[in-house]
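> prediction below, plus the sequence it came from.
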Amino acid sequence: MSTFVHLIADYGPADPAFSEVVHRLTAADPTMTVQSTEVKPFSTVATGFWIAQLGVHNPTFDDLLLYSNTAPRTTESTPERADTGGALCYLELDNGVPVVAVDAGYNLSFIADHATTFREIELPADTGQFRSRDVFPRRVAEIANGNHSSLGAERSLDDVPAPPESVVCHVDGYGNVKTSIRHSAFTPESDTVTVELNGESCEAVVRDAVSNVPEGSLAIVPGSAGGDDPYQELFLRGGSAASTFGTPGPGDALSIRAEQA
C-alpha cells in the first residue's frame, strides 16, 4: 500500500489547483500524505527530469507513489473531437516505485529505461474538462491503496521518446542551470568551452566539482542530479548562471564547444 504521494505538476506558482487536487486526494484517502513539486507550465522536460530524480535517484520507501499531472493539450481542439490530453498511465520502476503520470511529451522519457510495467489507466467515458481534479485523484488513491482494477492495456516503452540530449532541465533557486547532458557523455577537448544558450554566448571553465571553481567564474560541472552518472550543470561561483544567460527555462537547447587553442 502506498500512502505517500509526491505530486509533480505544472499548475503554476501558488496556484490553488494544487490545493484542490490535494483536497481530492485526501478526500479519497484521509490517511494519505501529499507532497507537491511545481514545474514550469507545459514543461514535460522538467516533469520527466523530476519524476526520475525523485523516483530513481533518491532513496525509495515502501509507501511512495509518484503522481504527475503535466498534460499540455497540443492537439487542436475541434467540435467533433475535443482534445482531452494524453492518457493517464501506470508504470512500475525496477526499484518498485509506482508512477502515475500522463503520457505526454518527455514526461516518461527519463524513467523509460527503469520501467518494468507500462499500462494505461482506464477512465470514465466522459472525464469532463477538469479531469486532473475530478477524475485523476480517485484513480491515484485507488492505486496507492493497492487497487489495480483500473489498469488497462499494456503500452510499449518503445513509443516513449528518448530524453532530449542537450537542453535545460531545471533552474534551481540559486540560478544553477541543470542540463540533460550526462557526465559520461561530456568529453570536452579543453578545460575552457563556449556555451551558447538563450541567445547568449559565454566562456566557461570545465571543472570536476563546484569546490574547484574560482570566485566569479562560470563553470560547467557534474551537478547534484542524475545519480551515479550526474547531469552537467552550469554554475557561477558567487552569482547566478541563469542570469548570465538571460534566465533560460526547461527545454531550452544549449550547445557547448571547445575553445580553439
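Right, received. Where do you want to start?

> so what's the residue count around Gly96?
12 (other Cβ atoms under 10 Å). All C-beta atoms are positioned from the backbone trio N, CA, C, and that covers glycine.

> which intervals of the stretch 1-150 of the chain have sub-threshold pLDDT?
1-2, 13, 73-85, 126-129 (pLDDT under 70).

> partner strands of whichever strand or helix holds Phe235 and their direction?
Phe235 is part of strand 231-236 when elements are defined by DSSP states H and E. Strand pairing for strand 231-236, determined by DSSP bridges: strand 177-182 (antiparallel), strand 218-222 (antiparallel).

> give me the mean pLDDT for that strand.
Average pLDDT, strand 231-236: 98.

> now do stretch 168-179
97.

> let's have the strands paired with strand 231-236 in a markdown table, adding mean neighbour count.
Below are those laid out as a markdown table (neighbours: other Cβ atoms under 10 Å):
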| stretch | mean neighbour count |
| --- | --- |
| strand 177-182 | 24 |
| strand 218-222 | 21 |
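
> dump those into TSV; add distance to Arg139 as well.
Conversion of these to TSV gives the following (distance: least, Cβ to Cβ, whole Å):
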stretch	distance to Arg139
strand 177-182	30
strand 218-222	38
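
> after the strand holding Phe235, next one along is what?
By DSSP H and E, the next helix or strand past strand 231-236 is helix 241-244.

> let's see the pLDDT reported for Glu189.
So, for Glu189, pLDDT stands at 87.

> any low-confidence regions in the stretch 151-261 of the chain?
260-261.

> swap in 90 and give it another go.
Filtered on pLDDT under 90, the stretch 151-261 of the chain yields the residue ranges 189, 258-261.

> where do the strands of it begin and end?
151-154, 168-171, 177-182, 192-197, 200-206, 218-222, 231-236, 254-258 (DSSP state E, counting those that start in this stretch).

> can these go into CSV with extra columns for distance to Ile111?
Below are the strands of the stretch 151-261 of the chain laid out as CSV (distance: least, Cβ to Cβ, whole Å):
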stretch, distance to Ile111
strand 151-154, 17
strand 168-171, 14
strand 177-182, 14
strand 192-197, 26
strand 200-206, 29
strand 218-222, 21
strand 231-236, 15
strand 254-258, 23
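
> where exactly do the helices run in the stretch 1-150 of the chain?
With DSSP state H, counting those that start in this stretch as the criterion, the stretch 1-150 of the chain has helices at 16-28, 44-55, 131-134, 136-144.
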